[in-house]
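Undergrad: Mind looking at a prediction? Sequence and model below.
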Amino acid sequence: MTRVKASSCALAAALLVGITAPAVSAHGAPAPASADRASHARIPFTQAKVTALDDGSYTVEWTAPGIRRVAVKAGGRTVASGGATGKVTVRGLAAADRQWFDLVPERGGSLHLADRLIALEGSVNFRDAGGYRTADGHWVKMGEIYRSDALDKLTAADLAKLKRLSIRTVYDLRMESERSAAPDRVPAGATHVVADVLAGSPTFTAMPTTPEEGVAMMVEGEKFMVSGGTAKTAYRTVFGGITDDSSRAVVFHCTAGKDRTGWANAALLTALGVPRSTVMADYLASNDYRAEANAAALASMPPAQAAVYKPLLDVRPEYLNSGFEEVGKTFGSFGAYEKKALGLDARDLRDLKRDLLVG
């Protein structure tokens, strides 16, 4: 690769800065009637997850202290069961856009879960923003809010799947140059909204020359996402849409779905009461979902240059932590950030939790 081409690749890399419970999302698979009745019951699960495997089977795992029996249901029938802790593999289910499972304990509220990743041909980091437990024992619904990388490579089959998943609003967090070079493809009937986070940022006007400069660039970019003028405007637009239940299901995305998108989801989960450790795990998951794409990008560069640009492709704890530190420095508290930057008042937050939390 020539240095000119490598620099172009590096610029593209820089632009990559880029479980619910009983009462299922109205936009996901319908929950059984028993789930509706249990939607406000205490949910005994402290951990639960569904993972789709390459062979078409699924693993379902959970922890529910003090519960003797948990039934795992799919399509209304019991496909597995276990006790207070369990990990089962379910095979032989009919193909579906998303396979939903209900974890039904002997007492208390159930959980309505699917694999977090939405398998698409033209995207590697399109995933559900929900499926996490809050510090006070509620769970964030799945099937309502999604986060993603770029949507320009979505296939016709991808678009049809997203339409069936009832994606109604797409928030594009990218800069004008990114949008022009790779225009979004959105499902029929969905509203496309531009919410340019970095329009006013000077962070990406020069490329790093050392790994340390790359890290510093990402840290400064994260800070701008919190306190930059255009960033506050963009995220206020996104959160205004999220709080409007008529616009859901919602997807917000940038180019890689990890930085601008990562902060949007970190802010959302924090506002809903999800512990910081869980927020961090969701943020860092982009390293796994993007592992193959990142490896290919780095392999196309000379080793020395790859070392410089690897920090731009990564998500690292220090990046997200710098965002939360900027919240404290600029706004004093996350609550003040919600109000002053995101435009969320106490009523908005109550409504958001009422809509997106179960249990």
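TA: Structure received.
Undergrad: Now the phi/psi pair for residue 193, please.
TA: phi -120, psi 130 (degrees, to the nearest 10).
Undergrad: what's it in contact with, if anything?
TA: By Cβ atoms under 8 Å, 6 or more residues apart in numbering, residue 193 lies in contact with 169, 170, 171, 172, 237, 241. C-beta here means a position set from N, CA and C on the backbone, and glycine is covered the same way.
Undergrad: can we see that at 10 Å?
TA: Taking Cβ atoms under 10 Å, 6 or more residues apart in numbering, we find residue 193 in contact with 169-173, 234, 237-238, 240-241, 247, 250, 252.
Undergrad: now swap in residue 327 and tell me
TA: If you count contacts by Cβ under 10 Å, 6+ apart, then residue 327 has 223, 226, 227, 267, 270, 333, 334, 335, 336, 337, 338, 341 around it.
Undergrad: so can I have JSON lines of these showing distance to residue 99?
TA: Shown next, in JSON lines, are the contacts of residue 327 (distance: Cβ to Cβ, whole Å):
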{"residue": "223", "distance to residue 99": "40"}
{"residue": "226", "distance to residue 99": "37"}
{"residue": "227", "distance to residue 99": "41"}
{"residue": "267", "distance to residue 99": "29"}
{"residue": "270", "distance to residue 99": "29"}
{"residue": "333", "distance to residue 99": "40"}
{"residue": "334", "distance to residue 99": "35"}
{"residue": "335", "distance to residue 99": "38"}
{"residue": "336", "distance to residue 99": "41"}
{"residue": "337", "distance to residue 99": "37"}
{"residue": "338", "distance to residue 99": "35"}
{"residue": "341", "distance to residue 99": "38"}
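Undergrad: residue contacts, residue 157?
TA: So residue 157 contacts 120, 121, 122 (Cβ under 10 Å, 6+ apart).
Undergrad: ugh, typo on my part, it should be residue 272
TA: Going by Cβ under 10 Å, 6+ apart, the list of residues near residue 272 reads 129-130, 132, 134-135, 138-141, 145, 279, 349, 352-353, 356-357.
Undergrad: Pull out the buried members of the contacts of residue 327.
TA: By neighbour count, with 16 or more other Cβ atoms under 10 Å, these hold 223, 226, 227, 267, 270, 337, 338, 341 as buried.
Undergrad: among those, which are in strands?
TA: With strands taken from DSSP state E, there is no overlap with the buried ones among the contacts of residue 327.
Undergrad: mind listing the strands for the chain?
TA: Under DSSP E, the chain gives strands at 47-52, 58-63, 70-74, 77-82, 85-90, 101-105, 111-113, 127-128, 139-140, 145-148, 169-172, 191-194, 250-253, 357-358.
Undergrad: looking at these, which is buried most?
TA: With neighbours taken as mean count of other Cβ atoms under 10 Å, those reach their highest mean count in strand 111-113, at a mean of 30.
Undergrad: elements contacting it?
TA: Applying 3 or more Cβ pairs under 10 Å, 6 or more residues apart in numbering; DSSP states H and E, one finds that strand 111-113 contacts strand 47-52, strand 58-63, strand 70-74, strand 101-105, strand 139-140.
Undergrad: what about 7 Å?
TA: In terms of contacts (3 or more Cβ pairs under 7 Å, 6 or more residues apart in numbering; DSSP states H and E), strand 111-113 is packed against strand 47-52, strand 101-105.
Undergrad: Tell me which strands that strand pairs with, and in which orientation.
TA: strand 101-105 (antiparallel) (DSSP bridges).
Undergrad: Spell out, range by range, the helices that occur in the stretch 251-359 of the chain.
TA: Per DSSP state H, counting those that start in this stretch, the stretch 251-359 of the chain carries helices over the ranges 260-271, 276-289, 291-299, 303-313, 317-331, 334-340, 346-356.
Undergrad: what's in contact with the first one?
TA: What that stands for is helix 260-271. With contacts defined as Cβ atoms under 7 Å, 6 or more residues apart in numbering, helix 260-271 is touched by 17-18, 129, 132, 140, 145, 147-148, 173, 197-198, 222, 225, 235, 238, 242, 252-254, 279, 282-283, 286, 315, 320, 323, 334, 338, 342, 344, 349, 352.
Undergrad: again, 6 Å this time
TA: Contacting residues not belonging to helix 260-271 are listed as 18, 129, 147, 173, 197, 225, 238, 252-254, 279, 283, 323, 334, 338 [Cβ atoms under 6 Å, 6 or more residues apart in numbering].
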